[in-house]
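Sequence first, then the predicted structure, then my questions.
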Amino acid sequence: MAKDFPKRSEDYSQWYNEIVNRADLAEHSAVRGCMVIKPYGYAIWEKMQAQLDKMFKETGHTNAYFPLFVPKSLFEAEEKNAEGFAKECAVVTHYRLKNDEDNPGKLKVDENAKLEEELIVRPTSEAIIWKTYKGWIQSYRDLPILVNQWANVVRWEMRTRLFLRTAEFLWQEGHTAHATKKEAIDETKMILDIYADFAQRFMAMPVIKGVKSETERFAGALDTYCIEALMQDGKALQAGTSHFLGQNFAKAFDVKFTNKEGKQDYVWASSWGVSTRLMGALIMTHSDDNGLVLPPNLAPFQVVLIPIYRKEEEFEKVVEKLKEIKTQLEAKGISVKLDDRDTHKPGWKFAEYEFKGVPLRIALGPRDLESGTIEIARRDTLEKHSLDQSDIVTKVEHLLENIQSNLYNKAADYREEMTHKADTYDEFKNILEEKGGFIYAHWDGTSETEEQIKQETKATIRCIPLDSKLEEGKCIYSGKLSKQRVIFAKAY
RNA sequence: CGGGGUGUAGCGUAGCCCGGUUAUCGCGCCACGUUUGGGACGUGGAGGCCGCAGGUUCGAAUCCUGCCACCCCGACCA
């Protein structure tokens, strides 16, 4: 059991902060709103990256890199996009410092080094990328362009929380260009499927695929598709978005191509991204009052081996056996850490790895060597069993699979339990207040109603789910006709 | 950016209201010894610009002003 650790039920945000801290995932830096991602946290992000990168490449995308800075004139070209991000942009105005005569040893901005045109630190890269694409595209033969970049972006948020909302964050942003509207929409949806697939199979996090309402839409998009997940405090988290941009950016940057019929047309576009926010989603989906819980598919190491011994001679025998097991496991592609440090006691290590969410812990001691047994403990259920050493690799493989699916099922059950239907506004408010979670309710489709509900309850439309059936009903707020339920929730 | 709160050793804290010896305690850290199957114990030791800057005072962790950071609630946030 973790010592002095806050419970989720008592103080959820405190619990979250403590996990991030104590599991060595990240910490606040000397820069306001910016985090240092620590090695253990970064290792999880790298696993995410590797898998997503693979999925993007399997579907024909390639990586490239575009500049961090966007000249203001380019940034403002797509009006809605610029307007949407204007309030949270970091701006570079000068390119040089000089010695401050009044304060020896200090530097100050050299006013003579003012930039003629300010540079915006990218909050997203559509502008610089579409400016570039203009030079790449003349004919339908140049299309499609399927490019992704792994990058950092800056959004000057007022209130930040590690991983969930930081001023600088890491992400991938895909930017594609197509000859037809259909192709661009297909791309947008295909990426959404990749995101959902990744969330479910790797993060063990169930998500709902949907499309955003107009007010929640990405600035500059015609449609924003999203995956929405439910956290353990009943709040929703937008885990990824995929935007159909229509011809907005092509028009803003004058990107035309000649089609097969010899006519000029504007290029169709999509953009899509997931960020280090997924780390926050991962933490909040599975972790418990004993610390972090990681799904085997994303854990930096899936199994930790801990030797138990008294004397030097026992240590050697135990470690020898553990090394053998490590080799066998690794041959099957299982990632293993053997912690043979003699600076910490077994009990200390048990607590440490439990807190860090390592899916499986294997302990081996002198007694086991005699009896041919081995102790395996799983993090998700905290169950501990002494097993026969034979077929250990197969047992571990099964257990890892089992943990992965168990975590998904647990999260899915929780979401199921926290998903409600509301047919009246009173019912809606009651559920929000007493239970939280996702609420399926009818909505008249107007931004006014959406805004009113948000003002009065803090709940927003998370998405219009893609897979839900059409169903006649009346808007819970206005009583006007509605053809489909949408999902409301309080959100991060 | 508005309201509330916090900032003292790596972490958590006492002291602050009511200024006055050498800034309290626990965890952690270091050394030695005993230990090692769920966060060991003993003895000794190191570690402090009391968030930063200025002011009041003979004297400031303590009072005043400004700033910074963090936490909570808002506003803001695809």
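Ah, there it is. What you see is a predicted model; the values in this text were computed from it and never measured. Numbers count the residues shown, from 1 in each chain, chains lettered A, B, ... in the order given.

now the helices: where do they sit in the stretch 301-450 of chain A?
Under the criterion DSSP state H, counting those that start in this stretch, helices of the stretch 301-450 of chain A are mapped to A:312-331, A:346-355, A:366-371, A:392-417, A:425-434, A:447-457.

Nearest to A:Ala219, out of those?
Smallest distance to A:Ala219 across the helices of the stretch 301-450 of chain A (CB to CB): 14.7 Å, for helix A:447-457. No exception for glycine: its C-beta is placed from N, CA and C like everyone else's.

Most proximal residue of the stretch 101-250 of chain A with respect to RNA strand B?
A:Met158 (3.4 Å; CB to the nearest atom of the strand).

Export the helices of the stretch 301-450 of chain A as JSON lines, with columns for mean pLDDT, mean neighbour count and distance to RNA strand B.
As requested, the helices of the stretch 301-450 of chain A are exported to JSON lines (pLDDT from 0 to 100; neighbours: other CB atoms under 10 Å; distance: least, CB to the nearest atom of the strand, whole Å):
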{"stretch": "helix A:312-331", "mean pLDDT": "96", "mean neighbour count": "15", "distance to RNA strand B": "8"}
{"stretch": "helix A:346-355", "mean pLDDT": "94", "mean neighbour count": "17", "distance to RNA strand B": "3"}
{"stretch": "helix A:366-371", "mean pLDDT": "95", "mean neighbour count": "14", "distance to RNA strand B": "3"}
{"stretch": "helix A:392-417", "mean pLDDT": "97", "mean neighbour count": "17", "distance to RNA strand B": "13"}
{"stretch": "helix A:425-434", "mean pLDDT": "91", "mean neighbour count": "15", "distance to RNA strand B": "12"}
{"stretch": "helix A:447-457", "mean pLDDT": "90", "mean neighbour count": "15", "distance to RNA strand B": "7"}
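
Contacts only, for the residue of the stretch 351-492 of chain A found nearest RNA strand B.
Closest residue of the stretch 351-492 of chain A to RNA strand B, CB to the nearest atom of the strand: A:Gly365 (2.4 Å). For A:Gly365, the contact set (CB atoms under 8 Å, 6 or more residues apart in numbering) comprises A:307-309, A:314, A:318.

any idea how far A:Thr285 is from RNA strand B?
From A:Thr285 across to RNA strand B, the span is 18 Å (CB to the nearest atom of the strand, to the nearest Å).

my guess is that residue meets A:Ala229, correct?
Yes - if you go by CB atoms under 8 Å, A:Thr285 and A:Ala229 touch, sitting 6.6 Å apart.

Quick check: neighbours shared by the two?
Joint contacts of A:Thr285 and A:Ala229 (CB under 8 Å, 6+ apart) are A:Met205.

if we can go back for a sec, could you report the pLDDT at the residue of the stretch 101-250 of chain A closest to RNA strand B?
Per-residue confidence (pLDDT) for A:Met158: 81.

Count the residues that sit near the residue nearest to A:Leu298 when sequence neighbours are not counted.
Nearest residue to A:Leu298 in three dimensions, chain neighbours excluded: A:Lys47, at 4.7 Å (CB to CB, 6 or more residues apart in numbering). Applying other CB atoms under 10 Å, we find 18 other residues in the vicinity of A:Lys47.
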